[in-house]
Each structure stands twice: as structure tokens, then as C-alpha cells.
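Whatever this is, show me its structure:
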Amino acid sequence: MEKYIKKPGLLVSNIEGKIYLCYEYEVYEINETAARIIRMCDGKNSLEDITKQLCDRFQKDYNIVREDTKTYLELLLEKKIIEVIK
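The predicted structure follows:
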């Protein structure tokens, strides 16, 4: 099963109530859910693991959360912020 890991040097920081993702020369303002997903990219969690944790936390429909999480992980992969390990 594929697991996700964030790249070295990635920083998620809370500054004056806003959450920022900093990687290399890019800075993105992100929301709490996006920050949770990135923090779960620790090499131990698969898409299903992350989805389950988010569903437990936010009490949302599994299929909707899974699709949204998958889309976000694909974006992070495309931007080379995270990578897949097997």
C-alpha cells in the first residue's frame, strides 16, 4: 500500500492565526485540514489511513473525504511537496 511522506525542508507554520506551507522558495496559505493532511504525510499513512483519521475528527462522509484528500495529495505530489513510498 502506498504511503506518503513530506519532503525534507518542508515547514508548516502558524503565524498570527494563519497557517502557511513553506517549501523551497514557495509559500502557500493553507487551511487547518490541509495542514493536518500534510502532517499525516509521515511515511506511515496511506490515503485510507489519512481519510479515516479525518473522518473520525470531522464526522464527514468517508467517500467525500477520500476523494477530496486524494485530490489534495495529487496536488502535493505534482508540486513535489510530498512523495510516495511503498
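
which SSE is V84 in?
strand 82-85 (DSSP states H and E).

Could you please name the strands that strand pairs with and the direction of each pair?
Sheet pairing here is set by DSSP bridges, and for strand 82-85 it gives strand 3-6 (antiparallel).

What's the mean pLDDT across the partner strand?
The predicted model assigns strand 3-6 a mean pLDDT of 97.

chain center to it: distance?
The chain centre lies 9 Å from the centre of strand 3-6; the measure is C-alpha atoms, centre = their mean, to the nearest Å.

after that strand comes which helix or strand?
Following strand 3-6 toward the C-terminus (DSSP H and E): strand 11-15.

residue furthest from the geometric center of the protein?
Distance to the chain centre peaks in the chain at E16, reaching 21.2 Å (criterion: C-alpha atoms, centre = their mean).

gap between that one and I37?
Separation of E16 from I37 (C-beta to C-beta, to the nearest Å) stands at 22 Å. For glycine as for every other residue, the C-beta is placed from the backbone atoms N, C-alpha and C.

Quick check: N31 touching L21?
No - counting by C-beta atoms under 8 Å, N31 sits too far from L21 to count as a contact (10.4 Å).

neighbour count winner among those two?
Per other C-beta atoms under 10 Å, whichever of N31 and L21 has more neighbours is L21, with 20 against 10.

what's the helix or strand for the more buried one?
strand 18-23.

Where does pLDDT dip in the chain?
Within the chain, no range satisfies pLDDT under 70.

for it, longest helix please?
helix 62-78 (DSSP state H).

what angle do that helix and strand 18-23 make?
50 degrees (axes from the mean of the first three to the mean of the last three C-alpha atoms, to 10 degrees).

Show me how far helix 62-78 is from its chain's centre.
For helix 62-78 - counting by C-alpha atoms, centre = their mean - the centre lies 9 Å from the chain centre.

cool, and stretch 63-81?
Distance, centroid of stretch 63-81 to centroid of chain: 7 Å (C-alpha atoms, centre = their mean).
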